[in-house]
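Student: return a 3D structure for these sequence lines:
(one chain, ligands or ions: 3)
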Amino acid sequence: MFLQLLAFMIAIGGSVLGGPINTPGFPAARVLSQLPKETWLESIVVRRNGDILATSLFYSSNVFTVTRPSFHTDNKAKVLASVPEVNSLLGITELPASYGEEAFFFVGGNFTSLTTFTTTVGSFKGFKLTFDRYGKATVKKVSDLAPISSFPNGVTAIPQAPGSVLIADSFVGAIGRLDLSTGHYDPKAFAFQEMTVPEGAVLPIGVSAMRIKGSYLYFGNPSTQSIYKVKVDSKGYLVKKAQPSLVANISSVAPGLDDFIFDSHGNILLATNSPENAIVHVDVKTGKSKRIIGGPTDPLMPDSTCLAFGRGIFDTNTFYVSTGRNISDPTTSARIVAVDASLLNY
Ligand SMILES: *[C@@H]1O[C@H](CO)[C@@H](O)[C@H](O)[C@H]1NC(C)=O
Ligand SMILES: *[C@@H]1O[C@H](CO)[C@@H](O)[C@H](O)[C@H]1NC(C)=O
Ligand SMILES: *[C@@H]1O[C@H](CO)[C@@H](O)[C@H](O)[C@H]1NC(C)=O
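Tutor: Ligands and ions are numbered 1, 2, ... in the order given. Next up, the predicted model:
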């Protein structure tokens, strides 16, 4: 039955159902979901059932969802949960399955200015989003983080340590480690000069995102437009005396650098933010980087913030990009863009 359906979808090229199975000549990217006015998305993940979750940085502290993104042409983003204790949400990550539970972790806090990125120091918190077996979502605060927490940004789970997460704080310039069961937070679990903002940097935003891959923690620093890696053990602790090494310097390719993921070849795809408005591919072996979709004058993904690969039946080659909006045009709003990576040449 499933194979028949799949064969049928391939035969019609996916176009009738609007799925991302494209025949040659179909565009690689499309706007999956245009959110209403006054929305700005920051982070995106895909649930194991294929549904999308995205957090909102400005105008609201909502978690939005798009259900079954590869099945419809018109995908409305619905509010799944609101978090009234804070006014902004940032990074979200899936927690490794424990006891069969489906759970995510995200951070939020108070931003007082959209243009200067001013925050209320100490207002940041960590939250757990859990789905029960009927699919009902519950949000619970798990930690007040640290008094110095001032711009917790990207977050990542540790594959072999489901009880902890790592949080990149872009103003502290360090990566913290949070124990989810006790709420205890060490804001400087990883504190390297490569995570901080160098004197005179144009963009005063330090380490903003990280991922664990193999025996390395990879992290990106927007203020130096660089990605580094440092050796960690299987529980996500720094290997004694390990020092960061440069993976790529993308300054010649894009002025910005936000969240990133690994593709099926183990290379990095990263969102650049505004004004580059693009996704950049980084070869982790050579450091060679290039823009693979979007661009400064391309209206497709203004202020690309984060991306995640699909996990549904038809969209495992598709990555979904969350966006802020066109910063010069307040009438624009956030969107989620679907990009079929198999149709990009890189
Ligand atoms: C953060 O913002 C929320 C929502 O506006 C507000 O209720 C809360 O008091 C603020 N917290 C701090 C520490 O300012
Ligand atoms: C990245 O490259 C730019 C341009 O060559 C250079 O100015 C900068 O120092 C480099 N940054 C790092 C961290 O290597
Ligand atoms: C953003 O908005 C400005 C002002 O309307 C416009 O000139 C510019 O082309 C837009 N940029 C993109 C990438 O769409």
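Student: ok, and what's touching stretch 130-141?
Tutor: 47, 63, 80-81, 83, 85, 101-104, 125-129 (CB atoms under 8 Å, 6 or more residues apart in numbering). From N, CA and C alone the C-beta is placed, and that goes for glycine too.
Student: pull the CA atoms of it into CSV?
Tutor: Output in CSV follows, covering the C-alpha atoms of stretch 130-141 (Å, rounded to 0.1, in the frame of the first residue of the first chain):
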residue,chain,number,x,y,z
THR,A,130,6.6,17.4,26.1
PHE,A,131,4.1,15.6,23.9
ASP,A,132,1.9,13.0,25.6
ARG,A,133,0.7,9.9,23.8
TYR,A,134,-2.4,11.7,22.5
GLY,A,135,-0.2,14.4,21.0
LYS,A,136,-1.1,17.0,23.6
ALA,A,137,1.8,19.5,24.2
THR,A,138,2.8,20.7,27.7
VAL,A,139,5.4,23.4,28.4
LYS,A,140,7.2,23.4,31.8
LYS,A,141,10.0,25.6,33.0
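Student: can you give me the helices for this protein?
Tutor: For the chain, the helices defined by DSSP state H cover 2-11.
Student: just the closest residue of it to ligand 2, please.
Tutor: Per CB to the nearest ligand atom, the residue of the chain with the smallest distance to ligand 2 is Asn249, at 3.6 Å.
Student: which of the contacts of stretch 130-141 sits closest to Ser70?
Tutor: Distances from Ser70 to these, taken as CB to CB, are shortest for Arg47 (13.0 Å).
Student: check what pLDDT the closest one gets.
Tutor: Arg47 is assigned a predicted lDDT (pLDDT) of 97.
Student: same check, this time on Gly25
Tutor: 59.
Student: how about Leu41?
Tutor: You'll see Leu41 listed with a pLDDT of 98.
Student: same check, this time on Gly14
Tutor: For Gly14, pLDDT reads 32.
Student: repeat for Ala11
Tutor: For Ala11, pLDDT reads 33.
Student: equivalent analysis for Val202, please.
Tutor: 89.
Student: now swap in Phe71 and tell me
Tutor: 86.
Student: how far away is it from Phe314?
Tutor: Separation of Phe71 from Phe314 (CB to CB, to the nearest Å): 8 Å.
Student: again with Gly50
Tutor: 9 Å.
Student: my read is that Gly91 contacts Phe151, right?
Tutor: No. In this structure, Gly91 is not within contact of Phe151 by CB atoms under 8 Å, at 10.9 Å.
Student: all good on my end, thank you.
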